[in-house]
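Novice: For reference, the sequence and a predicted model appear below.
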Amino acid sequence: MAADPGHDAAKLRSLLDELGLLAHVWIDIDLAGVCACLAPRTCGLWTPYFDTIPLGEVLSQEIGLDARHIERQILVGLLVAPVRLDFPGFDEFESALRIRVDTAVSAASATLQFDVQQYRPDAYWEQSDTGRFVLRPGCSLVKGLTAALHPGDEGTLSGFDCYRASEYVMLVAIAREAARCHPELKTRLRERSNRRPIESREFHEVMLRELGTFEEPVPARWFVPGDRIWFRNPDGHSSDAEGFEGSWVIYIGDGLFSNFWKRNAPFTLERKCIEIYHWRHATYRRDDGVLRVDEDEVARRVALTEADSAARAQVLDAMGRWRDPRGVYEQGGCMDRTRECARWVQPNSCDIAFLPE
């Protein structure tokens, strides 16, 4: 953070104090900006070897459980980051925190159905000739995304694959923050959604930044609430079934990952690994030749593995390895080497650059 080092440092200290973290953080100020990190002793106690999976429980014991519990986990997770995180200023840092909180909360509460044919609320969305869902003219993007993600008790569940679901929960958080601080960005996001929504590879390139690389991965158990993560299916055959190439999830904190299809049953890291492992044992070909995965059979096999400690350890050993490169199915597991989070959104530092349509 470098816009005004003294001003930014004072704001950071105030935030840390509000969250009960000030005594655990080292802060250094120079002409280049403000540098902050978790104190080494606290790192060893709270996040040994960059493991943030137990962090929610640690913080609830050390500081207490309150309405800012997720925000606290995010801040500590960023303070122990294994890669350098540069923020243009404290305003952008605050925006990043809010986007992560919104992403985690939205992902945790999303109520969707797994359906590669897909569906969206007609009041906000219409399907174009290309099959994409575009926002209806005059509709709010935030309201449209929210209606698709959270239909309420009486609403029809929107159909998603996990890739598109992860985009929606990240986009609604970015759009909400743009409404707070950057009206021009808010308008551009809405207008693009009216014409051709930003999706798939373009979404990754335009809306997100990636932490770590394939060659220099981040630690396997370092997760920050609001991260998007890809758990790859390492089995070549079952990965040909549509929707089972892998699993895009959001880390929602407290050691849990989003379950878009069963919001009351979020995944632990271990459970997600075991589930993906058993996709290979439940794959079949329908009479029409289409490859499918029997999810009831997956659930049955997961339960058996969870009840057998030796089998469980064997599966986790195989799946806990780094994933192989794209197109390779050899000895790799399902673990991703990188994390994805939102780009900057503040007017003076926004780096969301729309590609030509």
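Specialist: Perfect, thanks for sending it.
Novice: Please, where are all the helices along the stretch 251-357 of the chain?
Specialist: Secondary structure of the stretch 251-357 of the chain (DSSP state H, counting those that start in this stretch): helices at 269-277, 295-306, 309-319.
Novice: Would you mind saying which of those helices lies nearest Pro5?
Specialist: helix 269-277 (37.8 Å; Cβ to Cβ). Every C-beta, even on glycine, is put in place using the N, C-alpha and C of the backbone.
Novice: How much space separates Arg228 from Glu184?
Specialist: 25 Å (Cβ to Cβ, to the nearest Å).
Novice: These two: which has the busier surroundings?
Specialist: Arg228 (25 against 10; other Cβ atoms under 10 Å).
Novice: wait, isn't that one in contact with Phe257?
Specialist: No: contact criterion Cβ atoms under 8 Å: Arg228 and Phe257 do not qualify, at 10.4 Å.
Novice: what's the overlap in contacts for those two?
Specialist: Contact with both Arg228 and Phe257 is made by residues 249-250, according to Cβ atoms under 8 Å, 6 or more residues apart in numbering.
Novice: picking that back up, may I see the helices of the stretch 251-357 of the chain organised as a markdown table, with mean pLDDT added?
Specialist: Listed next are the helices of the stretch 251-357 of the chain as a markdown table, based on pLDDT from 0 to 100:
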| stretch | mean pLDDT |
| --- | --- |
| helix 269-277 | 98 |
| helix 295-306 | 98 |
| helix 309-319 | 98 |
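Novice: Select, out of those helices, the one closest to Asp91.
Specialist: Taking the helices of the stretch 251-357 of the chain one by one with Cβ to Cβ, helix 269-277 is closest: 33.3 Å.
Novice: any idea of the angle that closest one forms with helix 309-319?
Specialist: When axes from the mean of the first three to the mean of the last three Cα atoms, to 10 degrees is applied, the directions of helix 269-277 and helix 309-319 differ by 80 degrees.
Novice: For helix 269-277, name the packing helices and strands.
Specialist: Applying 3 or more Cβ pairs under 8 Å, 6 or more residues apart in numbering; DSSP states H and E, we find helix 269-277 packed against strand 228-232, strand 246-253, helix 295-306, helix 309-319.
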